[in-house]
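# Fold the following and give me the result.
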Amino acid sequence: MSNALSRRSALLLGGGVVLGTAGAVVSAGTASAASNWVGLTVITANVGRGNLAAREPAIRAVRGYSTEHPNYRPLVGWQEINEGDTGEPAMIARHFAGAYTTTFLRHDRSYRVPISVPDPWRVVSSTTTRAHGGVADRKSPPRWLNEVVLRHANHPNLEFALLNTHYIANAYNGDRLDRLKPYWHLMKDLHRARVLHHHNQGRLVIWTADTNKANYVRATGRDAERRAFLAGVDRINWLPGNGTVRAELLETWTIDMRVDGHDARAARFRLRVA
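Next comes the predicted model:
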């Protein structure tokens with residue numbers, strides 16, 4: 001997949017309209033189409049706290065400033081924001097300002113997994129749901145799943161749901177403690193339910209997450225759910241809706257964050273109303 005489109009070409013697509021086709025793609029909808037393609041880059045980014053001085057450069061790298069491509073604006077699902085450290089909301093607000101709305105960043109409970117939404121996408125609705133409480137002896141906070149329904153400002157029928165979350169660690173990685181597995185599965189059950197909630201309403205669903213399970217496959221268990229990355233804990237998946245909106249994956253890449261063991265992962269899609 002990473003050879004389907006060059007990184008430079010992906011940047012050129014920006015957040016605007018894409019004309020024509022782009023070689024090998026992965027289809028997530030029907031073959032017919034009734035509108036131009038619209039480019040969309042989705043990033044999942046666990047900022048971490050191993051090297052505190054590297055956090056702001058990492059957030060700036062996720063934003064991907066480019067004087068050559070000023071319209072490049074990724075949609076970002078963040079994890080581990082203000083989790084065991086402070087200052088990250090201000091960093092995100094500083095680098096994702098202007099043409100951005102960052103939902104849940106100042107939420108009193110689900111602030112650890114905010115979502116940065118770029119123009120020309122508009123937030124139609126937002127929902128946050130608690131999966132489970134914290135685990136004090138592991139210094140693990142309560143876990144929440146955040147979601148937004150997004151609609152393109154210039155194409156009112158071009159709509160999808162973006163979900164973002166962070167599963168508990170050390171159930172299926174790290175220490176692999178059996179007593180933590182029920183917490184992990186509470187999130188998995190919620191994740192599945194919320195993806196299918198939007199799917200059953202006919203929406204395309206894209207989700208970002210730190211799953212804390214290297215061999216994680218699908219939130220829903222359905223073959224129709226596709227994966228941008230086939231290994232690692234940081235994932236971007238998508239599940240087609242009723243075919244009204246078509247999505248195709250063009251390219252994937254990673255962004256070196258240099259904070260801890262996580263690199264941000266990016267997936268370049270194109271969408272259109274079918």
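
# Just give the number of residues close to the nearest residue to Glu80 once chain neighbours are set aside.
Computed as Cβ to Cβ, 6 or more residues apart in numbering, the closest residue to Glu80 that is not its neighbour in sequence is Asn46, at 5.1 Å. Yep, even glycine has a C-beta here, placed from its N, CA and C like the rest. Per other Cβ atoms under 10 Å, the neighbour tally for Asn46 reads 27.

# For the helix or strand hosting Leu190, buried residues please.
Using DSSP states H and E, Leu190 falls within helix 181-200. For helix 181-200, the neighbour count (16 or more other Cβ atoms under 10 Å) marks 183-188, 190-192, 194-196, 198-199 as buried.

# residue contacts, Trp238?
Neighbour list for Trp238: 28, 204-207, 225-226, 228, 247, 249, 269 [criterion: Cβ atoms under 8 Å, 6 or more residues apart in numbering].

# Need the three-state assignment for it.
Classification of Trp238 by DSSP: H, G, I helix; E, B strand; the rest coil places it in strand.

# what's the neighbour count on the nearest residue to Ile255 once chain neighbours are set aside?
In space, and not counting its chain neighbours, Ile255 is closest to Ala264: 3.9 Å by Cβ to Cβ, 6+ apart. Residues lying near Ala264 (other Cβ under 10 Å) number 25.

# Okay, and which of the contacts of Trp238 map to strands?
Using DSSP state E, the subset of the contacts of Trp238 located in strands is 204-207, 226, 247, 249, 269.

# Give me the distance from the helix holding Leu190 to the chain's centre.
Relative to the centre of its chain, helix 181-200 is centred 16 Å away, using Cα atoms, centre = their mean, to the nearest Å.

# helix, strand or coil for Glu56?
Assigned by three-state DSSP, the conformation of Glu56 is helix.

# doesn't Pro120 make contact with Ala153?
Yes: using Cβ atoms under 8 Å, Ala153 is in contact with Pro120, at 4.0 Å.
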